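Undergrad: Structure, please.
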Amino acid sequence: MNLAESQKIILDQLKRYGPQSVKVLAKRLNLTTMGIRQHLQDLRRNDLVTTTTEARQTRGRPLHLWRLTAEGHDQFPARHQQLNLELLTAIREELGESVLVKLVEKQTDTTADRYQGLLSGIDDFEHRLKALADIRTKDGFMAEVRLLPDQSWLLIENHCPVCSAAEYCRYYCDFELTLFKKLLGDAVNIYRTEYLLEGNRRCAYKISKPT
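TA: You can find the predicted model right below:
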């Protein structure tokens, strides 16, 4: 599908930040509201976006927001999802659950070794966490980190390139937490605050280093 560069950026913004109004998108992208509306209408004709309404906290008309459709989410890269899903299904059916667990654990260990190499020499916690987010982004997770008011951190993954495999085999998600602990230190407190497979639009992890 041939999309204008501005339309690709709009899709990226909706993926990263969730439903947004025309006014917010125009401000973020430094475009006119008329230009944003035209792009959104083109994207809607391609079934990539749709509208939703949100009640205002003050009196007035409901706020109209634009969000990605399923087809819109599909515009973002996935790592051979159908092949992975077929392979996982075959392993579970032919070799059993325990073999499947060991396979995912082995994949996690391999990923951890690769990440450790890339993070080698980065000892400062904040720099290491941001470097981890950069690596995850290169792996397709559209990751970012935010410092929270309580001085803990939020690691956000706006996209999951292995979503179908993770939905079939949630060991991927369990071992992801193990991966982060291994990379950031066992003493670090990490827990999931948002979970794509439970209806949230992304996965997010609150991370606190020991005092």
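
Undergrad: going forward, measure contacts between C-alpha atoms and count neighbours the same way
TA: Noted.

Undergrad: Low-confidence bits of this protein, can you list those?
TA: 55-60, 78-83 (pLDDT under 70).

Undergrad: What are the boundaries of the helices in this structure?
TA: Along the chain, the segments classed as helices by DSSP state H run 5-17, 22-29, 33-45, 70-73, 81-95, 97-119, 125-138, 163-168, 171-184.

Undergrad: Is residue 167 in contact with residue 197, as I believe?
TA: Yes: counting by Cα atoms under 8 Å, residue 197 is a contact partner of residue 167 at 6.7 Å.

Undergrad: count of neighbours near residue 199?
TA: Around residue 199 there are 9 other residues, counting by other Cα atoms under 10 Å.

Undergrad: OK, contacts around residue 44?
TA: Residue 44 makes contact with residue 50 under the criterion Cα atoms under 8 Å, 6 or more residues apart in numbering.

Undergrad: I'd like the distance between it and residue 51.
TA: 9 Å (Cα to Cα, to the nearest Å).

Undergrad: and if you look at residue 96?
TA: Distance from residue 96 to residue 51, by Cα to Cα: 44 Å.

Undergrad: the more surrounded of those two?
TA: The neighbour comparison of residue 96 against residue 51 (other Cα under 10 Å) goes to residue 51, with 15 against 12.

Undergrad: bridging residues for that one?
TA: Beta-bridge pairing of residue 51 under DSSP bridges involves residue 66.

Undergrad: so it sits right up against residue 69, yeah?
TA: No: using Cα under 8 Å as the test, residue 51 is too far from residue 69 to be in contact (9.3 Å).

Undergrad: picking up where we left off before, nearest to residue 151, out of the helices of the chain?
TA: Evaluated over the helices of the chain, closeness to residue 151 peaks at helix 125-138, with 10.9 Å, by Cα to Cα.
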